[in-house]
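> this is the structure alone, sequence omitted:
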């Protein structure tokens, strides 16, 4: 991803999407300069929008409640400036049934795995491959419409395609939480979409 | 007292309920606690690595929280109405993610 001019919007939103992340990951999410992002993070910390802490042996940033509020205020301004509410709302309405299908497919994979005595992590079968490949195909058009209005939405499809490709030899790439798996990307996009619209789960 | 929800991730765990209303309360969760909350989003995922089990007021079998709980291999009971009030912080509870129940442990279990 090309380098973007660091902004508080992208910095706070990066933390929102990643959940808990160090400075490098926050900067990388939207291709921002890490030194400038560090300055923005320190500013965010001084304003009570972000907090740096240790969690599970790693150190990183997370948004505070005030930070989520500020993030949503900035996102609302972005949406209005781009006159993109109708486009994003339309995508959201089409994403909901697609999300149901993907979450069901992920759940089914897990339940199948739990029902097997010997858990194996070899490649996915043809039907699973088709399910996730079809989901990416349906998703591609949604991302294109979003990115046309708000370019920061670019990149999800490419990451999803990579996850499916990796899953050909290791199914963990579909759902695992320790890597950029299909479900992690999907979950992140869902958060991105509802945060952009100012919706609550 | 037993509450019923959707058993979204199998297994049983007993631990101290830790009610979390927002990210500002994440630091209260200790390893082995049972996370009790309204809902979760990507920011909450690291807590799944600490908690012994998850109880949420919303969600069900087909939810992101269910998927993440299964990946961490911890029991989850989702869609327990009023869980934040029913199981205040410090209560010892038993979460059965197979049956979909959350039960306040009798005092003799504590000793």
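All right, it came through fine. For clarity, every value in this text was computed on a predicted model and none was experimentally measured. Residues are numbered from 1 along each chain as shown, chains lettered A, B, ... in the order given.
> for chain B, what are the nearby residues on chain A?
Within chain A, the positions near chain B by Cβ under 8 Å from any Cβ of the partner chain are A:16-20, A:53, A:55-56, A:62-65, A:68, A:100, A:103-104, A:106-107, A:110, A:114, A:175-177, A:183-184, A:187-188, A:190-191, A:201. For glycine as for every other residue, the C-beta is placed from the backbone atoms N, C-alpha and C.
> helices along the chain, start to end?
I'll assume chain A. Taking DSSP state H as the test, the helices found in chain A are A:8-18, A:23-29, A:34-46, A:65-82, A:85-115, A:126-149, A:156-167, A:172-175, A:182-196.
> my question was about chain B
Ranges of helices within chain B are B:45-48, B:64-72, B:83-86, B:107-110, based on DSSP H.
> ranking the ones you listed by mean pLDDT, which is last?
With a mean of 56, helix B:107-110 has the lowest mean pLDDT of these.
> least trustworthy helix or strand in chain B by mean pLDDT?
Lowest by mean pLDDT, DSSP states H and E among the helices and strands of chain B is helix B:107-110, with a mean of 56.
> touching the longest strand belonging to chain B from outside, list them.
For chain B, the longest strand by residue count, based on DSSP state E, is strand B:12-19. Outside of strand B:12-19, the residues within contact range by Cβ atoms under 8 Å, 6 or more residues apart in numbering or on different chains are B:25, B:28-30, B:32-37, B:51-53, B:55, B:74-75, B:84, B:87-98, B:105, B:109.
> what residues of that strand count as buried?
Residues of strand B:12-19 classed as buried: B:13, B:14, B:15, B:16, B:17, B:18, B:19 (neighbour count, 16 or more other Cβ atoms under 10 Å in any protein chain shown).
> out of the helices of chain B, deepest packed?
Of the helices of chain B, the one with the most neighbours on average (mean count of other Cβ atoms under 10 Å in any protein chain shown) is helix B:64-72, at a mean of 24.
> what about the strands in chain B?
Using DSSP E, strands in chain B cover B:2-4, B:6-9, B:12-19, B:34-37, B:53-56, B:76-78, B:92-96, B:101-104.
> shaky segments in the chain?
Unless you meant another one, I'm taking chain A. Applying pLDDT under 70 to chain A picks out residues A:1-5, A:56, A:117-122.
> the intended chain is chain B.
For chain B, the stretches flagged by pLDDT under 70 are B:107-111.
> quick check: residues of it near chain A?
Within reach of chain A by Cβ under 8 Å from any Cβ, chain B has these residues: B:10, B:22-24, B:26-27, B:39, B:41-46, B:48-50, B:58, B:61-64, B:66-68, B:70-72.
> brilliant, that's me finished.
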